[in-house]
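*Asks:* After the sequence you'll find the predicted model.
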Amino acid sequence: MSILDFAVKFFQDSGVAIYFSIAIMAVGLSIAIERYVFLHRARSQNRLLWEKVLPMLQSGRFKEVMGLVSKSDAAIGKIVTHGLERMQSPSRREDIDAAMEEGMMEIVPRLEKRTHYIATFANVITLVGLLGTIIGLIKGFTAVAAVNPAEKAELLSASISIAMNNTAFALSVAIPFLLIHAFLQARTSEIVDGLEAAKISFLNLVQRLKSESAGTTR
């Protein structure tokens, strides 16, 4: 029996509940793919932009930095923009930090968006598989009670097949979903940590340049 024939027979022997599991799997996979692409692009954009911005910040070319980050969609560009805008007026380190933290509060929810649904779908599909298992067993035992002994074994075998197929499919989807959820969370945390590190670097550079500027004016 080929893999395709096995898959067709598997779903044919699984009852109606398996189709709800398939629908959940499809939605979960689409979210996982979209989140992976989004986070991968965000990570790359942040790294590339910061590599361009950092030398400019170190040399105090804030106007050039503003022109560059204002045209970028990268998350790190929005945070730097908040900091530079706050620097337009007299401000302390804490004021600039608060402005950049406001930018973080706008960005982090976008990074975490929809990721939690994957863990939810892992739990839901497990319950749907369990429901399919119970339905299959109920159907089998109900049918067995109403037929002659010669047909009992065949009906009971079919009901157990439905029950086990639903459980197997649900677990085979739920386990990868939990792993995918953990991976996406780790990738999101990595991006957020990178933004925090860039924010601290920005604040330190600004403070150093202000100290140097104050020292030369004395």
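*Replies:* Sure thing, it's come through. Since this is a predicted model, take the numbers as computed values, not measurements.
*Asks:* Show me what the lengthiest helix in the chain is packed up against.
*Replies:* Criterion DSSP state H: the longest helix present in the chain is helix 149-217. With contacts taken as 3 or more C-beta pairs under 8 Å, 6 or more residues apart in numbering; DSSP states H and E, helix 149-217 sits against helix 17-58, helix 75-86, helix 93-112, helix 115-145. For every residue, glycine as well, the C-beta is placed using N, CA and C.
*Asks:* can you state the direction angle for the longest one and helix 75-86?
*Replies:* Spelled out, that is helix 17-58. 40 degrees (axes from the mean of the first three to the mean of the last three C-alpha atoms, to 10 degrees).
*Asks:* re the thing from before, pull the distance from the longest helix of the chain to the chain's centre.
*Replies:* 5 Å (C-alpha atoms, centre = their mean, to the nearest Å).
*Asks:* which one of the helices and strands packed on helix 149-217 lies closest to Phe177?
*Replies:* Among the helices and strands packed on helix 149-217, the nearest to Phe177 by C-beta to C-beta is helix 115-145 (3.8 Å).
*Asks:* In space, not sequence, find me the middle residue of the protein.
*Replies:* Thr115 (3.4 Å; C-alpha atoms, centre = their mean).
*Asks:* Contacts only, for that one.
*Replies:* Ile31, Arg35, His181, Leu184, Gln185, Thr188 (C-beta atoms under 8 Å, 6 or more residues apart in numbering).
*Asks:* And Glu34, by the same measure?
*Replies:* Glu34 neighbours (C-beta under 8 Å, 6+ apart): Arg114.
*Asks:* quick check: mean pLDDT across the longest helix of the chain?
*Replies:* Average pLDDT, helix 149-217: 83.
*Asks:* That helix to helix 75-86, inter-axis angle?
*Replies:* 30 degrees.
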